[in-house]
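Chemist: Provide a 3D model corresponding to the input given below.
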Amino acid sequence: MDRVGKGGISDRMAEEIAKLNDFIQELLEIILTEQEKQKVILEQLNKLEEPYRLLLDKAYIRGKSLVDVSEEMGYGYKHIGRINRIALGLFDKLDKEVLKSPSMS
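Modeler: Predicted coordinates:
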């Protein structure tokens with residue numbers, strides 16, 4: 001049987017509440033980290049020229065397939081595939097530049 005502490009809350013319940021609070025704090029830290037990553041990605045995306053920015057936004061931010069993107073942008077699927085490879089290369093180049101910058105060290 002659990003001992004009842006001050007205020008009628010058992011020691012075990014207090015421990016569980018403390019564990020839950022720690023878990024919530026960990027989740028909040030993860031959320032803040034992911035939000036910062038998202039901000040950096042969106043800033044990098046905005047540095048790209050069209051049609052690269054639009055394609056990456058539709059495919060990787062909005063989650064559309066390249067088939068849907070090609071229809072929406074009025075290009076053939078093969079052409080969108082080429083644009084996608086170029087866009088990813090340009091984005092990767094920007095990503096490497098961001099990682100080299102002193103503010104991300």
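Chemist: so how far is the longest helix seen in the chain from its chain's centroid?
Modeler: For the chain, the helix with the greatest residue count under DSSP state H is helix 11-47. Chain-centre distance of helix 11-47: 12 Å, with CA atoms, centre = their mean, to the nearest Å.
Chemist: Show me what it is packed against.
Modeler: Identification of packing neighbours for helix 11-47 by 3 or more CB pairs under 8 Å, 6 or more residues apart in numbering; DSSP states H and E yields helix 52-56, helix 77-100. The C-beta positions use only the backbone N, C-alpha and C, and glycine is treated the same way.
Chemist: Just name the most buried of those helices.
Modeler: Mean neighbour count (mean count of other CB atoms under 10 Å) peaks for helix 52-56 among these, with a mean of 20.
Chemist: For that one, which outside residues touch it?
Modeler: 45-46, 48, 69, 73, 80, 83-84, 86-88, 90-91 (CB atoms under 8 Å, 6 or more residues apart in numbering).
Chemist: For residue 75, give me phi and psi.
Modeler: Backbone torsions for residue 75, taken as degrees, to the nearest 10, come to phi -120, psi 160.
Chemist: Residue 26: which of the helices and strands packed on helix 11-47 is closest?
Modeler: Checking those against residue 26 by CB to CB gives helix 77-100 as the closest, at 25.3 Å.
Chemist: Pull the residues that contact the closest one.
Modeler: Outside helix 77-100, the residues touching it (CB under 8 Å, 6+ apart) are 40, 44-45, 47-48, 51-53, 55-56, 59, 66-67, 69-70, 73, 75, 104.
Chemist: List buried residues within those residues.
Modeler: 44-45, 48, 51-53, 55-56, 59, 66, 69-70, 73, 75 (16 or more other CB atoms under 10 Å).
Chemist: lowest-confidence helix or strand of this structure?
Modeler: helix 77-100 (a mean of 89; mean pLDDT, DSSP states H and E).
Chemist: Quick one: work out the angle between that one and helix 11-47.
Modeler: 110 degrees (axes from the mean of the first three to the mean of the last three CA atoms, to 10 degrees).
Chemist: Only C-alpha atoms, please: export helix 77-100 in CSV.
Modeler: Extracted C-alpha coordinates of helix 77-100, given in CSV (Å, rounded to 0.1, in the frame of the first residue of the first chain):
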residue,chain,number,x,y,z
TYR,A,77,6.9,14.2,-65.4
LYS,A,78,10.4,13.7,-66.8
HIS,A,79,11.1,17.4,-66.9
ILE,A,80,9.9,17.7,-63.3
GLY,A,81,12.2,14.9,-62.3
ARG,A,82,15.2,16.8,-63.8
ILE,A,83,14.1,20.0,-62.1
ASN,A,84,13.7,18.1,-58.8
ARG,A,85,17.3,16.8,-59.0
ILE,A,86,18.6,20.2,-59.8
ALA,A,87,16.5,21.8,-57.0
LEU,A,88,17.7,19.2,-54.4
GLY,A,89,21.3,19.9,-55.5
LEU,A,90,20.9,23.6,-55.1
PHE,A,91,19.2,23.1,-51.7
ASP,A,92,21.9,20.8,-50.6
LYS,A,93,24.5,23.4,-51.5
LEU,A,94,22.7,26.0,-49.4
ASP,A,95,22.5,23.5,-46.6
LYS,A,96,26.2,23.0,-46.6
GLU,A,97,26.8,26.7,-46.6
VAL,A,98,24.5,27.1,-43.6
LEU,A,99,26.3,24.4,-41.7
LYS,A,100,29.6,26.1,-42.4
